[in-house]
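1. A predicted structure for the sequence below; I have some questions about it.
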Amino acid sequence: QKEVEQNSGPLSVPEGAIASLNCTYSDRGSQSFFWYRQYSGKSPELIMFIYSNGDKEDGRFTAQLNKASQYVSLLIRDSQPSDSATYLCAAFMDTGRRALTFGSGTRLQVQP
Amino acid sequence: ETGVTQSPTHLIKTRGQQVTLRCSSQSGHNTVSWYQQALGQGPQFIFQYYREEENGRGNFPPRFSGLQFPNYSSELNVNALELDDSALYLCASSLVAGWDQETQYFGPGTRLLVL
């Protein structure tokens, strides 16, 4: 079964630090990868998507993709207490790319 | 805000009943995907509708069914509700052009509790 794996956490970092969230995927054919943030009781909110190997930066967020290692990560610089949430990694995992396959999410806690 | 709306926000049903959840897609989007999210888990794909037809289905039984209307809004119907159907139901809107899929944007969700 095609899967996306994440460490459930919680990952605890002090305010102002860099938070590093990691994700691995099983299907080598996966092409598109997404990071969503989900606050407790709310729906997932898109942070970033990445399609190509390497880094992609958007403000305090950097997504990294390594297709050879089947690894995706999200770095959050200058972490703020408002970044405390569950971060979901997702991928389109078949040639039809009809459905997102999600990991179970990593809970991030930013300590003031 | 994504522009994707869902109704109702919360719902309580009893086992064996039927439920209909509704979703309005973001302006300019032509595709709606439905996901079920149990507590502490990532969303699980139920099915997707594109141009009013089912365009892919996850590992859910036939009692989960759906519709898409000409204005691209969508309904999710669940018959013979079971306790395990208690979850957050998410609708995601996207623009599909050709074979490529674009990013999916989620609505606020409907929280269903089955007693």
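-> Looks like it arrived, so ask away.
2. quick one, strands of the chain?
-> I'll assume chain A. In chain order, chain A shows strands spanning A:4-6, A:11-14, A:19-25, A:32-38, A:45-50, A:54-58, A:61-66, A:71-76, A:85-92, A:100-102, A:106-111, with DSSP state E as the criterion.
3. let's do chain B instead
-> For chain B, the strands defined by DSSP E cover B:5-7, B:10-13, B:19-24, B:31-37, B:44-50, B:53-57, B:64-68, B:74-78, B:87-94, B:96-97, B:100-101, B:105-106, B:110-114.
4. for chain B, what lies in contact range of chain A?
-> Within chain B, the positions lying close to chain A (Cβ under 8 Å from any Cβ of the partner chain) are B:2, B:33, B:35, B:40-45, B:48, B:55-56, B:58, B:88, B:90, B:92, B:100-101, B:103-109. Just so you know, the C-beta spots here come from the backbone N, C-alpha and C atoms, and that holds for glycine as well.
5. make it 7 Å
-> Within chain B, the residues that sit near chain A (Cβ under 7 Å from any Cβ of the partner chain) are B:33, B:41-43, B:45, B:48, B:55-56, B:58, B:90, B:101, B:103-109.
6. hmm, back to that, nearest to chain B, out of the strands of chain A?
-> Across these, chain B has its closest neighbour in strand A:100-102 (3.2 Å, Cβ to the nearest Cβ).
7. okay, now the sheet partners of that closest one, with direction.
-> strand A:85-92 (antiparallel) (DSSP bridges).
8. could I get the CA-only coordinates of the partner strand as CSV?
-> Listed in CSV are the C-alpha atoms of strand A:85-92, where the atom choice follows Å, rounded to 0.1, in the frame of the first residue of the first chain:
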residue,chain,number,x,y,z
ALA,A,85,-0.3,23.0,15.1
THR,A,86,-0.3,19.6,13.4
TYR,A,87,1.6,19.6,10.1
LEU,A,88,0.3,17.2,7.5
CYS,A,89,2.5,16.0,4.6
ALA,A,90,0.6,14.8,1.5
ALA,A,91,1.4,13.5,-1.9
PHE,A,92,-0.3,12.6,-5.2
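9. beta partners of residue B:66?
-> Beta-bridge partners recorded for residue B:66 (DSSP bridges): residue B:76.
10. which of the strands of chain B has the lowest mean pLDDT?
-> Per-segment confidence across these bottoms out at strand B:100-101, which has a mean of 58 in mean pLDDT.
11. picking that back up, with mean neighbour count and distance to residue A:78 as added columns, please give the strands of chain B in JSON lines.
-> Rendered in JSON lines, the data for the strands of chain B read as follows (neighbours: other Cβ atoms under 10 Å in any protein chain shown; distance: least, Cβ to Cβ, whole Å):
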{"stretch": "strand B:5-7", "mean neighbour count": "16", "distance to residue A:78": "33"}
{"stretch": "strand B:10-13", "mean neighbour count": "13", "distance to residue A:78": "36"}
{"stretch": "strand B:19-24", "mean neighbour count": "20", "distance to residue A:78": "36"}
{"stretch": "strand B:31-37", "mean neighbour count": "26", "distance to residue A:78": "29"}
{"stretch": "strand B:44-50", "mean neighbour count": "22", "distance to residue A:78": "34"}
{"stretch": "strand B:53-57", "mean neighbour count": "15", "distance to residue A:78": "39"}
{"stretch": "strand B:64-68", "mean neighbour count": "18", "distance to residue A:78": "42"}
{"stretch": "strand B:74-78", "mean neighbour count": "21", "distance to residue A:78": "39"}
{"stretch": "strand B:87-94", "mean neighbour count": "25", "distance to residue A:78": "30"}
{"stretch": "strand B:96-97", "mean neighbour count": "14", "distance to residue A:78": "36"}
{"stretch": "strand B:100-101", "mean neighbour count": "17", "distance to residue A:78": "32"}
{"stretch": "strand B:105-106", "mean neighbour count": "22", "distance to residue A:78": "26"}
{"stretch": "strand B:110-114", "mean neighbour count": "18", "distance to residue A:78": "33"}
